[in-house]
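Visitor: give me a model of this one.
(one chain, ligands or ions: 2)
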Amino acid sequence: MTQQEALIRALPKVELHLHIEGTLEPEMMFELARRNGVKLPYDSVEAVRKAYDFSNLQSFLDLYYAGAGVLITEQDFYDLTWAYLKRCQADNVVHTEIFFDPQTHTERGIAFETVLAGIRRALDDGRAQLRISSRLIMSFLRHLSEEDGFRTLEMARPHLDRIDGVGLDSSEVGHPPSKFARLFAECKALGLPRVAHAGEEGPPEYVWEALDLLDVCRIDHGVRALEDGKLVERLAETRMPLTVCPFSNVKLRVFDKLSDHTLRVLLQKGLCATVNSDDPAYFGGYVQDNYLGCARELGLSGGEILQLVKNGFEASWLEEGERGWWMGECDIIAEKFGV
Ligand code: HPA
Ligand SMILES: [Zn+2]
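Guide: Ligands and ions are numbered 1, 2, ... in the order given. Next up is the predicted model:
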């Protein structure tokens, strides 16, 4: 094991960009399909894995929404979330802020409460039994209308004590943040922190819109911000976090290969870049795998690894005292590695 690899494994980590529906491993997809009597268009786990050869975001989303069709009962959502939390434990992920997409399920006739109850119960058990803290972010699907988003917010209204913030995901190009300005203003009035996917496939203008029209506190992905010097300055000055997902960017062809990824450039520009897995069951690895892959393919130094991990804590919604405590822990561990 290289020093870099040992450091990554030893450091406590957070994850800030993770779609819980994107943790559905093919094995669980088959198990839930069997349990619920759902017919899958694949005859084996291998056939499913073979289909995970994407040409862009949309080609992935088509499979991702189809896969989610096996999730029916509260226990399904619990089992999905619990399996992810066990993986966090194995990877020394101590805090996670996960997205769920209620519209993916309510559109199929699954009750909002069923989805929320299953995920929430697993997160509560994760805190009690695994000592993993978490936040839950309700993400609106941007290919649907703003009115549909408002209807979803109405479903969520009685449960806002169990939802920590809102996000915006799905097909980016053609669905700019401005489409959801009124919905996000309403979420802000309700006191919900806001994040949005922007600058994954969409242009830097979408990142500006997320900042200025949605008043977000993080940008999900944001890698295309590098095309706009003024935007980079704004992001650096405000330490606006970017939740970067390296494996996702390669699988969805934002970059040809991991060694082409601009993660290090983001750091060099003083941006609060963080490392995340996005949809690990579809993109070939969980958050620690993303760190390990980047360290190997980009030749990250110990100092850069430490910075990325600490950026994650800085960008999290943990209490300020907790953030500081974990960052101190990171420094102590890194020092043992001579970083
Ligand atoms: O990477 C993503 N981008 C947009 N929408 C998504 N929904 C799941 N993953 C993604
Ligand atoms: Zn995402």
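Visitor: from now on I want contacts and neighbour counts done on CA atoms only, so please keep to that.
Guide: Noted.
Visitor: run through the bridge partners of residue 97.
Guide: residue 135 (DSSP bridges).
Visitor: so what's it up against?
Guide: By C-alpha atoms under 8 Å, 6 or more residues apart in numbering, the contact list for residue 97 reads 15, 16, 17, 18, 134, 135, 136, 137, 316.
Visitor: break down the stretch 151-300 of the chain into its helices, ranges please.
Guide: 181-189, 204-212, 229-237, 246-251, 263-268, 280-283, 287-298 (DSSP state H, counting those that start in this stretch).
Visitor: out of those, nearest to residue 62?
Guide: helix 280-283 (12.0 Å; C-alpha to C-alpha).
Visitor: now the terminal residues of stretch 166-175, how far apart.
Guide: Taking C-alpha to C-alpha, to the nearest Å, stretch 166-175 runs 17 Å from one end to the other.
Visitor: for it, what is the distance to the chain centroid?
Guide: The chain centroid and the centroid of stretch 166-175 are separated by 13 Å under C-alpha atoms, centre = their mean, to the nearest Å.
Visitor: avg pLDDT for it?
Guide: Average pLDDT, stretch 166-175: 98.
Visitor: would you list the contacts of residue 97 in TSV and tack on pLDDT, neighbour count and distance to residue 28?
Guide: Formatted as TSV, the contacts of residue 97 follow (pLDDT from 0 to 100; neighbours: other C-alpha atoms under 10 Å; distance: C-alpha to C-alpha, whole Å):
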residue	pLDDT	neighbour count	distance to residue 28
15	99	27	22
16	99	30	23
17	99	26	21
18	99	24	18
134	99	24	23
135	99	19	24
136	99	20	22
137	99	26	23
316	99	22	29
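Visitor: which among those residues gets closest to residue 302?
Guide: The shortest gap between residue 302 and any of the contacts of residue 97 belongs to residue 15, at 19.2 Å (C-alpha to C-alpha).
Visitor: okay, and that closest one sits in which element?
Guide: For residue 15, the host element (DSSP states H and E) is strand 13-19.
Visitor: same check on residue 139?
Guide: Counting by DSSP H and E, residue 139 is part of strand 133-141.
Visitor: alpha carbons of whichever strand or helix holds residue 59, as PDB, please.
Guide: Per DSSP H and E: residue 59 is located in helix 57-67. These are the backbone C-alpha positions of helix 57-67, laid out as PDB (Å, rounded to 0.1, in the frame of the first residue of the first chain):
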ATOM      1  CA  LEU A  57     -25.800  12.100 -18.400                       C
ATOM      2  CA  GLN A  58     -29.100  11.300 -20.100                       C
ATOM      3  CA  SER A  59     -28.000   7.800 -21.100                       C
ATOM      4  CA  PHE A  60     -27.200   7.100 -17.400                       C
ATOM      5  CA  LEU A  61     -30.400   8.700 -16.100                       C
ATOM      6  CA  ASP A  62     -32.600   6.500 -18.300                       C
ATOM      7  CA  LEU A  63     -31.100   3.400 -16.600                       C
ATOM      8  CA  TYR A  64     -31.000   5.000 -13.100                       C
ATOM      9  CA  TYR A  65     -34.800   5.900 -13.200                       C
ATOM     10  CA  ALA A  66     -35.600   2.400 -14.600                       C
ATOM     11  CA  GLY A  67     -33.500   0.700 -11.800                       C
END
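Visitor: how far does it sit from its chain's centre?
Guide: Using C-alpha atoms, centre = their mean, the offset of helix 57-67 from its chain centre is 16 Å.
Visitor: residue contacts, residue 163?
Guide: Here residue 163 is in contact with 135, 136, 137, 138 (C-alpha under 8 Å, 6+ apart).
Visitor: was I right to think residue 256 contacts residue 250?
Guide: Yes - counting by C-alpha atoms under 8 Å, residue 256 touches residue 250, with 6.0 Å between them.
Visitor: when the two are compared, which one has more neighbours?
Guide: Per other C-alpha atoms under 10 Å, whichever of residue 256 and residue 250 has more neighbours is residue 250, with 20 against 12.
Visitor: so the more buried one touches residue 258, yeah?
Guide: Yes - contact status for residue 250 versus residue 258: in contact at 6.2 Å, counting by C-alpha under 8 Å.
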